[in-house]
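Generate a structure from the sequence data that follows.
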Amino acid sequence: FFSCYEAFIHIVDSMFNQHAKWLESSSAVPWRKPVASLNYLLTSHVWRQDHNGFSHQDPGFIDHVVNKKASVIRVYLPPDANCLLHVVDTCLRSRQRVNVIVAGKQLAPQWLDLDAAWRHCSAGVGIWEWASSDAGGEPDLVMACAGDVPTLETLAAVQMLREHLPLLRVRVVNVVDLMTLQPREEHPHGLPDSAFDGLFTTDKPVMFAYHGYPWLIHRLTYRRRNHDNLHVRGYKEEGTTTTPFDMVVLNDLDRFHLVMDVIDRLPSLGYRAAGLKQLMRDRLLEHRF
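The predicted model follows:
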């Protein structure tokens, strides 16, 4: 079990490479017994560097990890403490893997109780019905999130949408196991196309708030049927020594940008959303000045 600041885990990139290759090769040798997994906990992550600044802001280790064989690597982004408990328990019980867990060390909201967290993390991805407004039916759009800070901003955006556009049917999908986004043919944890389509729909806009560099989500989902409607917000190399909320604003991952994304991708809202979009612009101006 190896805990490290997220930005500085790159110092062991080469050792991770060699260990992942060794695990893959040793799995084909019948006389080698499975060994305990190597577990990375990446904390002090990109969105919580208000004291350290730009030098401590780099979520790219995940991109490096997913290059390795699907039989070896796993990546988890628990949204709260109860989910983190389940993920760590799962990782410590595993064998012959490299598990990467990304979780902040600052105080954060608790979204799920222990039973709900166990069910959610066992599936790796799921609809948060308590946060959604599609009533189990067909949504107008999907708000997806992966990571503790993106989850917070997504839920704040959804709350504003419910207040100002109460007829809008929003589905909230949270991703804990990042590899569920890949097709089942590419990764053993990947969702079958039918299950992925059931969660993310085949024709609705999907706003995805992601912890790291946004193009990784596109890379994992490019073969999915609804990929053309997928819009990802994440870290885009904008940072400094500033407040946690200003960090998400600098990278357009904040709740106000997410609400405006929804309005821009649902032209049918028309004049009903004009006032809300103006309100979001005003909130951003107030924040900046």
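
Please name the residues that touch the residue nearest in space to the middle of the chain.
Closest to where the C-alpha atoms of the chain average out (Cα atoms, centre = their mean) is Ala146, at 1.5 Å. Ala146 makes contacts with Leu77, Asn174, Val175, Val176, Leu178, Phe208, Ala209, Tyr210, His211, Ile217, as judged by Cβ atoms under 8 Å, 6 or more residues apart in numbering. For glycine as for every other residue, the C-beta is placed from the backbone atoms N, C-alpha and C.

Now it. Nearest residue, chain neighbours left out?
The shortest distance from Ala146 to any non-neighbouring residue, by Cβ to Cβ, 6 or more residues apart in numbering, is to Val175 (4.0 Å).

My guess is the one you found contacts Gln182. True?
No. Counting by Cβ atoms under 8 Å, Val175 stays clear of Gln182, with 11.5 Å between them.

who has more neighbours, the two?
Val175 (25 against 22; other Cβ atoms under 10 Å).

Okay, and the beta partners of the more buried one?
For Val175, the beta-bridge partners are Val125 (DSSP bridges).

follow-up on the earlier one: could you list which residues are in contact with the residue nearest to Ala146?
Leu77, Gly124, Val125, Ala144, Cys145, Ala146, Leu181 are the contacts of Val175 under Cβ under 8 Å, 6+ apart.

So which of those belong to strands?
Mapping the contacts of Val175 onto strands (DSSP state E) picks out Val125, Ala144, Cys145, Ala146.

State the three-state secondary structure for Ala209.
What DSSP: H, G, I helix; E, B strand; the rest coil gives for Ala209 is strand.

Pull the most distant pair out of the ones in strands among the contacts of Val175.
Val125 and Cys145 (10.6 Å; Cβ to Cβ).

Common neighbours of these two, please.
By Cβ under 8 Å, 6+ apart, Val125 and Cys145 have these common neighbours: Val173, Asn174, Val175.

quick one: the last one from Pro205, how far?
Noted for Val175: a distance of 17 Å to Pro205, by Cβ to Cβ, to the nearest Å.

what does Asn226 give?
For Asn226 relative to Pro205 (Cβ to Cβ), the value is 9 Å.

hmm, back to that, if we only consider the ones in strands among the contacts of Val175, which is nearest to Ser194?
Val125 (13.9 Å).

Spit out the contact partners of that closest one.
So Val125 contacts Val173, Asn174, Val175, Val176, Asp177, Thr180, Leu181, Leu191, Leu199 (Cβ under 8 Å, 6+ apart).

Test for you: state the pLDDT assigned to the closest residue in space to Cys145 that isn't next to it in sequence.
Counting by Cβ to Cβ, 6+ apart, Thr154 is the residue found nearest to Cys145 once chain neighbours are left out, at 4.0 Å. Thr154 is assigned 98 on the pLDDT scale.

For Thr154, grab the count of nearby residues.
28.

wait, it sits on Met143?
Yes. Using Cβ under 8 Å, Thr154 is in contact with Met143, at 5.3 Å.

Now do stretch 195-215: distance to the chain's middle.
Stretch 195-215 sits 10 Å away from the centroid of its parent chain (Cα atoms, centre = their mean, to the nearest Å).

before we move on, what about stretch 146-163?
The answer for stretch 146-163 is 12 Å, by Cα atoms, centre = their mean.

tally of neighbours for the nearest residue to His45 once chain neighbours are set aside?
Spatial nearest neighbour of His45, excluding adjacent residues (Cβ to Cβ, 6+ apart): Glu6 at 4.2 Å. Glu6 has 28 neighbouring residues, counting by other Cβ under 10 Å.

Was I right to think Glu6 contacts Phe61?
Yes. Applying Cβ under 8 Å, one finds Glu6 in contact with Phe61, separated by 6.7 Å.

Report the set of residues contacting both of those two.
Leu42.

What is the end-to-end distance of stretch 5-20?
With Cα to Cα, to the nearest Å as the measure, stretch 5-20 spans 20 Å from end to end.

in that stretch, what's buried?
Of the residues in stretch 5-20, Tyr5, Glu6, Ala7, Ile9, Phe16, Ala20 count as buried by neighbour count, 16 or more other Cβ atoms under 10 Å.

Stretch 261-274 too?
Asp261, Val262, Ile263, Leu266, Leu269, Ala273.

what sits up against that stretch?
140-141, 143, 157, 161, 164-165, 168, 205, 207, 229, 231, 233, 276-277.

Would you mind putting the CA coordinates of that stretch into PDB?
C-alpha atoms of stretch 261-274 as PDB (Å, rounded to 0.1, in the frame of the first residue of the first chain):
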ATOM      1  CA  ASP A 261     -23.200  23.500 -20.600                       C
ATOM      2  CA  VAL A 262     -26.600  22.000 -20.000                       C
ATOM      3  CA  ILE A 263     -28.400  25.100 -21.500                       C
ATOM      4  CA  ASP A 264     -26.100  25.200 -24.500                       C
ATOM      5  CA  ARG A 265     -26.700  21.500 -25.300                       C
ATOM      6  CA  LEU A 266     -30.400  21.600 -24.900                       C
ATOM      7  CA  PRO A 267     -31.700  24.200 -27.500                       C
ATOM      8  CA  SER A 268     -35.200  23.100 -26.700                       C
ATOM      9  CA  LEU A 269     -35.000  25.000 -23.400                       C
ATOM     10  CA  GLY A 270     -35.100  28.200 -25.400                       C
ATOM     11  CA  TYR A 271     -36.200  31.400 -23.600                       C
ATOM     12  CA  ARG A 272     -37.000  29.400 -20.500                       C
ATOM     13  CA  ALA A 273     -33.300  29.100 -19.700                       C
ATOM     14  CA  ALA A 274     -32.100  32.600 -20.800                       C
END
